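Engineer: next comes the sequence, and after it the predicted model I'd like to discuss.
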Amino acid sequence: MPKIGCGGIFSILFATYWCGITFLADGLFISIAVQQLHRERYSVTQGTVTYSNVKVESDGEVTSYRPEVRFRFQVADKEYEGRQIRYDYSVTRKDRAYEVISNYPILKTVTVYYYPDAPADAVLEKDLEIAGFYGLLFLTPFNAISLGFIGSAIGGWRAQRLGQPLTGVSVQSNGLNTVIRIYKHSPILSAFAAWGGVGFLMIFGVNLLDLVISLESAVILGWLVTLAAPLIAWWQASKHYLQIRHDMLRGMIEIRETDGRVSLLVDKDLQPARYSRSLTTDNDGEKSGWFTVELPFCDPATNDVRTLTLPEQTSQEDAERFVRWLNGQLRIGDTLT
């Protein structure tokens, strides 16, 4: 079991806090949406609008507008006052707020949806509104980071347990033939990065689109782009990889590089993978480094030793694990440095 230092403890606490807050917000959004959709629990009656206005709030920099409606209705000869248009209404733009209010002028007779067990809990609209999904879109980058924390924790534990790289590799083997793919960029990490990054941009993109098209259309377009981005990123990353095919029965190795170049080797041409540390110094004199993993082999076409540069590793532990794993898959010696 690896030791966890102060930095590791802080990272765990921060990730736990981040995930807790994010999933709490997710749960709140989902609970409101479920409450809005529980149509079978609603009873219907008629009511009258008694108040209709837009509440304006400002902190000096941002001004928000909230549509507010009050309505009276009777259930079993008892009068109630409702204050909710729908469960998922929130702060909105000025023109949007006044558009909502225009549907509920004072003294207008309206249909009221209420819970029989709690008539005071009533709304004027019971369908789920597409614009309400903007809130969930806002949470997209936070969810991407949260799932990244969880995936890293599970992946790190699994990598240590199985002695393999955290991500960015795939292996297919039938005992006699082994095909190893080492991706230039991990497809799953690329997908998560695109999902969170594009989701963050769409927060602002939807607001800009709302100036020229309806909010509902802007939210739909924002979600389509946000959902398409990780699929495209995964597909693009999946096309760029180094492939090593080891035919153990014939003692042959085929190396297909990311640029399409193919080298055919025999077992003795392939040398053990190794790693080396690279250091850089910034303007303040601070040193930082990474670990470069290399796979040398004798190119039979030129009889020269060539070296394939594999994905960089951020720690010595990861570099050692990568080298041992690759040498084990290829069944060659274990030279670490």
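Structural biologist: Yes, it's here.
Engineer: skipping adjacent residues, who's closest to the most centrally placed residue in the chain in space?
Structural biologist: Centroid check for the chain by CA atoms, centre = their mean gives residue 144 as the closest residue, at 2.6 Å. Using CB to CB, 6 or more residues apart in numbering and skipping the chain neighbours, the partner closest in space to residue 144 is residue 196 (3.0 Å). In short, each C-beta sits where N, CA and C put it, glycine included.
Engineer: from residue 189, how far off is the one you found?
Structural biologist: Relative to residue 189, residue 196 is positioned 11 Å away (CB to CB, to the nearest Å).
Engineer: counting by contacts, list what the longest helix seen in the chain packs against.
Structural biologist: Secondary structure of the chain per DSSP state H: the longest helix is helix 6-37. Packed against helix 6-37, as judged by 3 or more CB pairs under 8 Å, 6 or more residues apart in numbering; DSSP states H and E, are the following elements: helix 134-138, helix 140-162.
Engineer: residue 14 is nearest to which of these?
Structural biologist: helix 140-162 (8.8 Å; CB to CB).
Engineer: what angle sits between the closest one and helix 6-37?
Structural biologist: When axes from the mean of the first three to the mean of the last three CA atoms, to 10 degrees is applied, the directions of helix 140-162 and helix 6-37 differ by 130 degrees.
Engineer: off-centre distance for helix 140-162?
Structural biologist: How far helix 140-162 lies from its chain's middle: 11 Å, per CA atoms, centre = their mean, to the nearest Å.
Engineer: from residue 54, how far off is the closest residue in space to residue 188 that isn't next to it in sequence?
Structural biologist: Leaving aside its chain neighbours, residue 188 sits nearest to residue 167 (6.0 Å; criterion: CB to CB, 6+ apart). Here residue 167 is placed at a distance of 50 Å from residue 54 (CB to CB).
Engineer: what sits against residue 307?
Structural biologist: Residue 307 makes contacts with 294, 295, 296, 297, as judged by CB atoms under 8 Å, 6 or more residues apart in numbering.
Engineer: isn't residue 67 right up against residue 85?
Structural biologist: Yes - the pair residue 67 and residue 85 passes the contact test of CB atoms under 8 Å, sitting 6.4 Å apart.
Engineer: okay, and the common contacts of these two?
Structural biologist: Joint contacts of residue 67 and residue 85 (CB under 8 Å, 6+ apart) are residue 100.
Engineer: give the buried residues for the lengthiest strand in the chain.
Structural biologist: In the chain, taking DSSP state E as the definition, the longest strand is strand 43-58. Judged by neighbour count (16 or more other CB atoms under 10 Å), strand 43-58 contains these buried residues: 47, 49, 52.
Engineer: could you dump those residues to CSV with distance to residue 31?
Structural biologist: Output for the buried residues of strand 43-58, formatted as CSV (distance: CB to CB, whole Å):
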residue, distance to residue 31
47, 25
49, 27
52, 28
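Engineer: please enumerate the strands of this protein.
Structural biologist: With DSSP E as the criterion, the chain has strands spanning 43-58, 63-75, 78-82, 109-115, 118-123, 169-173, 177-183, 241-247, 252-256, 262-266, 274-281, 287-299, 304-313.
Engineer: helices and strands around the fifth one, which ones?
Structural biologist: What that stands for is strand 118-123. When contacts are defined as 3+ CB pairs under 8 Å, 6+ apart, strand 118-123 sits against strand 63-75, strand 78-82, strand 109-115.
Engineer: one more time with 10 Å, if that's ok
Structural biologist: helix 6-37, strand 43-58, strand 63-75, strand 78-82, strand 109-115 (3 or more CB pairs under 10 Å, 6 or more residues apart in numbering; DSSP states H and E).
Engineer: ok, now the third one?
Structural biologist: Counting by 3+ CB pairs under 10 Å, 6+ apart, the packing neighbours recorded for strand 78-82 are strand 43-58, strand 63-75, strand 109-115, strand 118-123.
Engineer: what's the least confident stretch among those strands?
Structural biologist: Mean pLDDT is lowest for strand 118-123 out of those, coming in at a mean of 86.
Engineer: rewinding a little: what count of nearby residues applies to the residue nearest to residue 144?
Structural biologist: 22 (other CB atoms under 10 Å).
Engineer: what do you get for residue 136?
Structural biologist: That count, for residue 136 with other CB under 10 Å as the rule, works out to 17.
Engineer: ok, it - contacts?
Structural biologist: Taking CB atoms under 10 Å, 6 or more residues apart in numbering, we find residue 136 in contact with 25, 26, 29, 30, 33, 143, 199, 219, 223.
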